[in-house]
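Engineer: The following comprises the amino acid sequence and a computationally predicted model.
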Amino acid sequence: YTDFFALHQRLQREGDDVELAWGHGLLSWKIDGHLIKRPLLITPLELQFDAKKGIFLLYPTSKGTFMETDMLDNIQLPYAKKLQQLEREIQNYDIDVWDKKSIKPVLKEILYTISPEGIYFDEDYPKNLDLSIPVITYSPVFFLRKKSSRIWLNELTDVIQKTRDNNPIPETIKLLATDD
C-alpha cells in the first residue's frame with residue numbers, strides 16, 4: 001500500500017514526464033555486444049486511488065496496447081520493413097493482455113519477423129540459454145519510465161497518415177497549427 005501511495009504521488013507530481021506501463025513479450029537478445037531486455041508490447045496504465053475504499057486501481061489508458069521496437073533501430077534486420085509495418089498494424093489489433101493465448105501468436109509473429117531462428121517461451125527462459133538468437137517470453141512486467149519523444153513521434157506519424165487517408169484533422173492538432 002505504501003509503495004502504491006508513493007507511486008501515485010509521484011505520478012501526480014511528474015505525470016507529464018513519466019508513465020506507468022504494463023509490458024508483455026520480453027525480448028532478450030545479445031547482439032553486437034549489447035544485451036537487449038525489453039518488452040515489445042506496451043499498455044500504458046493509469047493508477048487511481050479510491051479514498052472511500054482505501055484501494056488503488058490500475059486501468060489501461062485509452063492508448064491501448066502497442067508495440068515498441070526502438071531498441072532494434074540500429075540493428076540490421078532482414079525484415080526491418082515488415083517489422084515496422086507490423087508495429088503499425090498491431091495498434092489496430094484487439095489484444096487482450098490478460099489472455100496469454102491471444103498474445104502468443106502476436107508475440108511469435110514479432111519474433112519470427114525479427115529472426116526465423118528465434119525462440120518463444122510461455123514462461124521465463126531457462127537460465128543457461130544462449131541469447132545469441134532472440135528469445136521472447138510472455139513475462140508481463142509493470143514499470144515506470146520517462147516519457148519518450150518517440151511516443152509523440154508515433155502519434156504525429158499516425159495523424160499524418162490518417163490525414164493522408166482523408167480523415168479529419170484532430171482538434172488538438174488544429175490548435176497547434178496556424179493558417180499563416
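Structural biologist: That came through fine. Numbering: from 1, shown residues only.
Engineer: Checking the residue sitting nearest the centre point of the chain next. Helix, strand or coil?
Structural biologist: For the chain, Ile42 is the residue whose C-alpha lies nearest the centre (CA atoms, centre = their mean; 2.4 Å). At Ile42, secondary structure determined by DSSP: H, G, I helix; E, B strand; the rest coil is strand.
Engineer: ditto for Asp16
Structural biologist: Following three-state DSSP, we place Asp16 in the coil state.
Engineer: Let me know how buried the nearest residue to it once chain neighbours are set aside is, in neighbour terms.
Structural biologist: Spatially, and ignoring its direct neighbours in sequence, Asp16 is nearest to Lys147 (7.5 Å; CB to CB, 6 or more residues apart in numbering). Backbone N, C-alpha and C define where each C-beta goes, glycine included. Burial measure for Lys147: 14 neighbouring residues, criterion other CB atoms under 10 Å.
Engineer: How about the contacts made by the residue nearest to the centre of the chain?
Structural biologist: Counting by CB atoms under 8 Å, 6 or more residues apart in numbering, Ile42 touches 21-23, 65-68.
Engineer: Show me what it bridges to in the sheet.
Structural biologist: For Ile42, the beta-bridge assignment (DSSP bridges) gives partners Gly23, Phe66.
Engineer: Please identify which pair of the contacts of Ile42 lies farthest apart.
Structural biologist: Maximum pairwise distance among those (CB to CB): 13.6 Å, between Trp22 and Met67.
Engineer: which regions of the protein lie under the pLDDT threshold?
Structural biologist: 125, 148-155, 157, 172, 177-180 (pLDDT under 70).
Engineer: Buried residues of stretch 100-118, list them for me.
Structural biologist: The neighbour-count criterion (16 or more other CB atoms under 10 Å) identifies 103, 106-107, 110-111, 113-115, 118 as the buried residues of stretch 100-118.
Engineer: Right, I'll leave it there.
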